[in-house]
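1. give me coordinates for this.
(chains A and B)
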Amino acid sequence: DTGVSQDPRHKITKRGQNVTFRCDPISEHNRLYWYRQTLGQGPEFLTYFQNEAQLEKSRLLSDRFSAERPKGSFSTLEIQRTEQGDSAMYLCASSRATNQPQHFGDGTRLSIL
Amino acid sequence: ILNVEQSPQSLHVQEGDSTNFTCSFPSSNFYALHWYRWETAKSPEALFVMTLNGDEKKKGRISATLNTKEGYSYLYIKGSQPEDSATYLCAPFYNTDKLIFGTGTRLQVFP
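-> Numbers count the residues shown, from 1 in each chain, chains lettered A, B, ... in the order given. Below is the predicted model of the structure:
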């Protein structure tokens, strides 16, 4: 169990640029979640995969956001035409099953200049 | 919109004090409650997953209780230590298959 890893840890970019984050879940976990956390708030659900299928997507996730999980292993979260309001910590988590604890990565902190 | 409330928002205690936090959540379609501890510069760590009304779980000096009928859970820390300093997050799980996190209780334990 090597844990959930996220890359990069930090990303600073100018407004209007595209960014992509990667998450590698624990290998035997078929569920993968993306969350966004801003200062003073708890993590907010963005989207969820079971294997390669994206089963739910929050209405927080505008058309500029897209997530994929090809082959049901790692996942990527892309934000196009970034805006200042996208500045946040983006967390990825994985779990074995619905009622099992979620294991989180260290997150990617995005700062939009 | 499901509203999950945690209180207090922050807490400062002396080493050795016992403390408790509250998590309130809508009880309709409830499936499970997760508790996580989030230390600064680390990733959230799962403490408990609780499903049954009256459930009580313990991990070392930390314990939690659950009331699904009225929609609340308590987290207790006995004899707080500086290493317990963290944000404690609760997250109920409904039949929508996703966690809804509260804003957390920030605990600071002073030596």
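2. spell out which parts of chain A neighbour chain B.
-> A:4, A:33, A:35, A:40-45, A:48, A:55-56, A:91, A:93, A:98-107 (C-beta under 8 Å from any C-beta of the partner chain). Where C-beta positions appear, they are placed from N, C-alpha and C, glycine not excepted.
3. so which residue is dead centre in chain A?
-> Residue closest to the average C-alpha location in chain A (C-alpha atoms, centre = their mean): A:Trp34, at 3.4 Å.
4. follow-up on the earlier one: in strands, which of the residues of chain A next to chain B appear?
-> If you go by DSSP state E, the residues of chain A next to chain B have A:33, A:35, A:44-45, A:48, A:55-56, A:91, A:93, A:103-104 in strands.
5. who wins for neighbours among the residues you listed?
-> For these, counting by other C-beta atoms under 10 Å in any protein chain shown, the largest number of neighbours falls to A:Ala93: 27 neighbours.
6. quickly list what it is bridged to.
-> A:Tyr33, A:Phe104 (DSSP bridges).
7. and B:Thr105, by the same measure?
-> B:Tyr88.
8. name the spans of chain B whose pLDDT lies under the cut-off.
-> Chain B contains residues with pLDDT under 70 at B:1.
9. for it, what lies in contact range of chain A?
-> B:4, B:31-32, B:34, B:36, B:42-46, B:49, B:51, B:89, B:91, B:93, B:96-104.
10. what bridges to B:Met50?
-> B:Leu33.
11. pretty sure it sits against B:Leu66.
-> Yes - with contacts counted by C-beta atoms under 8 Å, B:Met50 reaches B:Leu66, the gap being 4.4 Å.
12. overlap of the contact sets of the two?
-> With contacts taken as C-beta atoms under 8 Å, 6 or more residues apart in numbering or on different chains, B:Met50 and B:Leu66 have B:33, B:73 as neighbours in common.
13. the strands in chain B, which residues?
-> Secondary structure of chain B by DSSP E: the strands cover B:5-7, B:10-14, B:19-24, B:30-38, B:45-50, B:56-59, B:62-67, B:72-77, B:86-94, B:105-110.
14. in JSON lines: these, plus mean neighbour count and distance to A:Leu61.
-> Converted to JSON lines, the strands of chain B look like this (neighbours: other C-beta atoms under 10 Å in any protein chain shown; distance: least, C-beta to C-beta, whole Å):
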{"stretch": "strand B:5-7", "mean neighbour count": "17", "distance to A:Leu61": "24"}
{"stretch": "strand B:10-14", "mean neighbour count": "13", "distance to A:Leu61": "30"}
{"stretch": "strand B:19-24", "mean neighbour count": "19", "distance to A:Leu61": "26"}
{"stretch": "strand B:30-38", "mean neighbour count": "21", "distance to A:Leu61": "22"}
{"stretch": "strand B:45-50", "mean neighbour count": "19", "distance to A:Leu61": "24"}
{"stretch": "strand B:56-59", "mean neighbour count": "13", "distance to A:Leu61": "33"}
{"stretch": "strand B:62-67", "mean neighbour count": "18", "distance to A:Leu61": "31"}
{"stretch": "strand B:72-77", "mean neighbour count": "19", "distance to A:Leu61": "28"}
{"stretch": "strand B:86-94", "mean neighbour count": "23", "distance to A:Leu61": "19"}
{"stretch": "strand B:105-110", "mean neighbour count": "18", "distance to A:Leu61": "27"}
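15. can you redo the ones you listed as TSV with distance to A:Ser87?
-> Listed next are the strands of chain B as TSV, based on distance: least, C-beta to C-beta, whole Å:
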stretch	distance to A:Ser87
strand B:5-7	24
strand B:10-14	23
strand B:19-24	28
strand B:30-38	19
strand B:45-50	25
strand B:56-59	34
strand B:62-67	33
strand B:72-77	30
strand B:86-94	19
strand B:105-110	21
